[in-house]
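>>> Quick one, what's the 3D model for this:
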Amino acid sequence: MMNMMTDLSCGPSSMTELTAAAAPAGSGSSAAVAAGSSEKMGRGKIEIKRIENTTNRQVTFCKRRNGLLKKAYELSVLCDAEVALIVFSS
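Below is the predicted model of the structure:
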């Protein structure tokens, strides 16, 4: 089985902590639908470019890496497959 967290310096230390931060009930796009809005809400497009601020870049790296690790773990569980994930950082 794959070890989820090899570096504990960024983010939660277990899968339960990754899923524990759920949005509160009643939040989301249901309010827009109830108000009769005909426009679709969604995520806006962002420009993919290098983050110049080193602190923000490191935080983003940790969050995205943890997301990849979670997806790899879920894939290994759902498909009963061995998953390899290589992440390089400088």
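>>> Please count neighbours and contacts with C-alpha atoms only from this point.
OK.
>>> tell me the mean pLDDT for stretch 48-65?
For stretch 48-65, mean pLDDT rounds to 96.
>>> in this protein, which spans are helices?
Assigned helices in the chain, in chain order: 15-20, 30-34, 54-79 (criterion: DSSP state H).
>>> CSV for the ones you listed, including distance to residue 90?
Below are these laid out as CSV (distance: least, Cα to Cα, whole Å):
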stretch, distance to residue 90
helix 15-20, 25
helix 30-34, 42
helix 54-79, 11
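>>> Against residue 68, how distant is residue 75?
10 Å (Cα to Cα, to the nearest Å).
>>> confidence score at the nearest residue to residue 84 once chain neighbours are set aside?
What sits nearest to residue 84 in space, not counting adjacent residues and going by Cα to Cα, 6 or more residues apart in numbering, is residue 72, at 7.9 Å. Confidence at residue 72, expressed as pLDDT, is 98.
>>> before we move on, back to that, next, format the helices of the chain as JSON lines and append mean neighbour count and distance to residue 46.
Listed next are the helices of the chain as JSON lines, based on neighbours: other Cα atoms under 10 Å; distance: least, Cα to Cα, whole Å:
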{"stretch": "helix 15-20", "mean neighbour count": "10", "distance to residue 46": "24"}
{"stretch": "helix 30-34", "mean neighbour count": "11", "distance to residue 46": "23"}
{"stretch": "helix 54-79", "mean neighbour count": "14", "distance to residue 46": "14"}
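>>> wait, which of these is closest to residue 42?
Proximity to residue 42 (Cα to Cα) singles out helix 30-34 among those, at 11.5 Å.
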